[in-house]
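Chemist: next comes the sequence, and after it the predicted model I'd like to discuss.
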Amino acid sequence: MIDPYEFSEIRRQLSNLVVMCEVIEVQKSKVRVKSIDGIESDYLPVLSSKTGHTAFFSELEVGEKVVVLAPGDLN
């Protein structure tokens, strides 16, 4: 049986894996975001998709909503 503390920690980590955020600062291909809980991140890299021979990158703007994949803490 899983220890209640261990279960609680696993649940916390899973709930923080995908975080809805808002862009608060942009610096080239990195951004800082703020979660709906008010947690502000350090600079995070931005993923860009590429199909075939054409790569398209549209720089994010302050205020845009984004999804952050955070396997650790947001900071």
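Modeler: That came in fine, so what should we check first? Numbers count the residues shown, from 1 in each chain.
Chemist: pull the contacting residues for E59.
Modeler: V26, S29 (Cβ atoms under 8 Å, 6 or more residues apart in numbering). (C-beta placed from N, C-alpha, C; glycine too.)
Chemist: check which helix or strand covers R12.
Modeler: Applying DSSP states H and E as the criterion places R12 in helix 4-15.
Chemist: could you measure from the nearest residue to M20 once chain neighbours are set aside over to N16?
Modeler: Nearest non-adjacent residue to M20, counting by Cβ to Cβ, 6 or more residues apart in numbering: I36, 5.8 Å away. Going from I36 to N16 by Cβ to Cβ, to the nearest Å gives 12 Å.
Chemist: so which of the two has more stuff around it?
Modeler: Set I36 next to N16 and count neighbours by other Cβ atoms under 10 Å: N16 wins out with 17 against 10.
Chemist: which residue, other than its chain neighbours, is closest to the more buried one?
Modeler: A70 (6.0 Å).
Chemist: neighbours of the one you found, just the number please.
Modeler: Neighbour tally, A70, other Cβ under 10 Å: 19.
Chemist: do you know how far it is from E64?
Modeler: Per Cβ to Cβ, A70 is found 17 Å from E64.
Chemist: do the same with I24
Modeler: I24 is 10 Å from E64, where distance means Cβ to Cβ.
Chemist: what's in contact with stretch 30-45?
Modeler: Residues contacting stretch 30-45 (Cβ under 8 Å, 6+ apart): 19-25, 27, 29, 46, 60, 66, 68, 74-75.
Chemist: return the distance of that stretch from the chain's centre.
Modeler: Relative to the mean C-alpha coordinate of its chain, stretch 30-45 is positioned 7 Å out (Cα atoms, centre = their mean, to the nearest Å).
Chemist: check which residues of that stretch are buried.
Modeler: Residues of stretch 30-45 classed as buried by neighbour count (16 or more other Cβ atoms under 10 Å): V31, R32, V33, S35, S41, L44.
Chemist: quick one: the residues you listed as CSV, columns for secondary structure and pLDDT too.
Modeler: As requested, the buried residues of stretch 30-45 are exported to CSV (DSSP: H, G, I helix; E, B strand; the rest coil; pLDDT from 0 to 100):
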residue, secondary structure, pLDDT
V31, strand, 94
R32, strand, 96
V33, strand, 95
S35, strand, 91
S41, coil, 92
L44, strand, 92
